[in-house]
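Asks: below is the structure, and that's it, no one-letter string:
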């Protein structure tokens, strides 16, 4: 086909060719990162493990047309291949920005689906599902337990948080949360691994009216306020709510420095013994002056003066 001779048409075609060439060069300048898969800070985790761990190592977030998923990778000390992870999926309105992305498939908790997940997360490990009905703060859940490589203990737990069917409408109590936990630890007991399913806290939610996978809050206990139904306080509650003792400021007397007294030995004077009083014996001269009355004078009265 011959090139058009009209100048306007020639200039237009030349501009289109240059624009396409620049666009092609611009596309080859670098790699464009996807907005649907990102690494987010640990502070933005949809769920947090309970006190005592395991600690969060990294978080990978994936956004779909109908949900947002976080793989919260946890600290691993076991020798069993694989990474400890808590996967949290929030189904709800993600916004018009992700309308063109693919949707995250949803399926309720089924035995066949759970068995497939366990084989994928813990290949080659025989896990035994617990037959006991269990429930944490968000409702019922279940788990499977087994032994990994060496002395490792492994657990795979699952839970679906969704309001009851009779409470869901087009405008309220909508949304679903799926939780999966893959956890292996060296020399850990089954009770210790299971405590992670009881201790985690969900802190993520969609800011949309009607999104409430938890359902309506439970009603008041019908026995509350009724006679014949005593309610006793918990011992720990009583201990925690005790009034603190009032501190009484006491005025302390001023301490005056005392003079230093050097102890000296007191010398007691020695008393001399008193002289013994002696009665002197009569001498011969004294004996001559002694007059002995006669018997006649003794018989007379004391007033008689003739006695000598």
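Replies: Thanks, I have it. Note that this is a predicted model, so its numbers are computed, not measured.
Asks: can you show me the strands along the stretch 101-250 of the chain?
Replies: For the stretch 101-250 of the chain, applying DSSP state E, counting those that start in this stretch gives strands covering 127-129, 134-136, 139-147, 152-161, 176-186, 201-202.
Asks: ok, and what's touching the last one?
Replies: Okay, so that is strand 201-202. 46, 47, 48, 50, 88, 138, 161, 177, 179 (CB atoms under 8 Å, 6 or more residues apart in numbering). Glycine gets a C-beta too; all of them are placed from N, C-alpha and C.
Asks: for the second one, phi and psi?
Replies: Right, the one you point to is residue 47. Main-chain torsions, residue 47, degrees, to the nearest 10: phi -140, psi 140.
Asks: distance of it relative to residue 199?
Replies: Residue 47 is 11 Å from residue 199, where distance means CB to CB, to the nearest Å.
Asks: the more surrounded of those two?
Replies: For residue 47 versus residue 199, neighbours defined as other CB atoms under 10 Å are more numerous around residue 47 (19 against 15).
Asks: give the contact list for that one.
Replies: So residue 47 contacts 70, 72, 86, 88, 179, 200, 201, 202, 203, 204 (CB under 8 Å, 6+ apart).
Asks: what subset of those is buried?
Replies: 70, 72, 86, 88, 179, 200, 202 (16 or more other CB atoms under 10 Å).
Asks: and of those residues, the nearest to residue 39?
Replies: residue 70 (10.6 Å; CB to CB).
Asks: buried sites along stretch 83-96?
Replies: 84, 85, 86, 87, 88, 89, 90, 91, 92, 94.
Asks: a markdown table for these, including distance to residue 214?
Replies: Output for the buried residues of stretch 83-96, formatted as a markdown table (distance: CB to CB, whole Å):
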| residue | distance to residue 214 |
| --- | --- |
| 84 | 26 |
| 85 | 24 |
| 86 | 19 |
| 87 | 19 |
| 88 | 15 |
| 89 | 16 |
| 90 | 12 |
| 91 | 14 |
| 92 | 13 |
| 94 | 19 |
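Asks: which of the residues you listed fall within strands?
Replies: Taking DSSP state E, the ones among these that sit in strands are 85, 86, 87, 88, 89, 90, 91.
Asks: now for those residues: which two are most distant?
Replies: Top of the distance list for these (CB to CB): 85 and 91, 19.1 Å.
Asks: please name the spatially closest residue to residue 68 (chain neighbours excluded).
Replies: Among residues not flanking residue 68 along the chain, residue 90 sits closest, at 5.2 Å (CB to CB, 6 or more residues apart in numbering).
Asks: same check, this time on residue 150
Replies: Nearest one to residue 150, counting by CB to CB, 6+ apart, is residue 79 at 5.2 Å.
Asks: what about the one you found, distance to residue 194?
Replies: 21 Å.
Asks: more neighbours, these two?
Replies: residue 194 (20 against 12).
Asks: residues in contact with the more buried one?
Replies: Going by CB under 8 Å, 6+ apart, residue 194 touches 143, 145, 155, 157.
Asks: got CSV for those, with pLDDT and distance to residue 233 too?
Replies: Below are those laid out as CSV (pLDDT from 0 to 100; distance: CB to CB, whole Å):
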residue, pLDDT, distance to residue 233
143, 98, 34
145, 97, 36
155, 97, 35
157, 98, 34
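Asks: pLDDT and distance to residue 234 for the ones in strands among the buried residues of stretch 83-96 - can I get that in TSV?
Replies: What follows is those, written out as TSV (pLDDT from 0 to 100; distance: CB to CB, whole Å):
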residue	pLDDT	distance to residue 234
85	98	36
86	98	31
87	97	35
88	98	32
89	97	36
90	97	34
91	96	37
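Asks: mind checking the strands of the stretch 101-250 of the chain for the one nearest to residue 58?
Replies: strand 176-186 (14.7 Å).
Asks: count of neighbours near residue 57?
Replies: Using other CB under 10 Å: residue 57 sits among 14 other residues.
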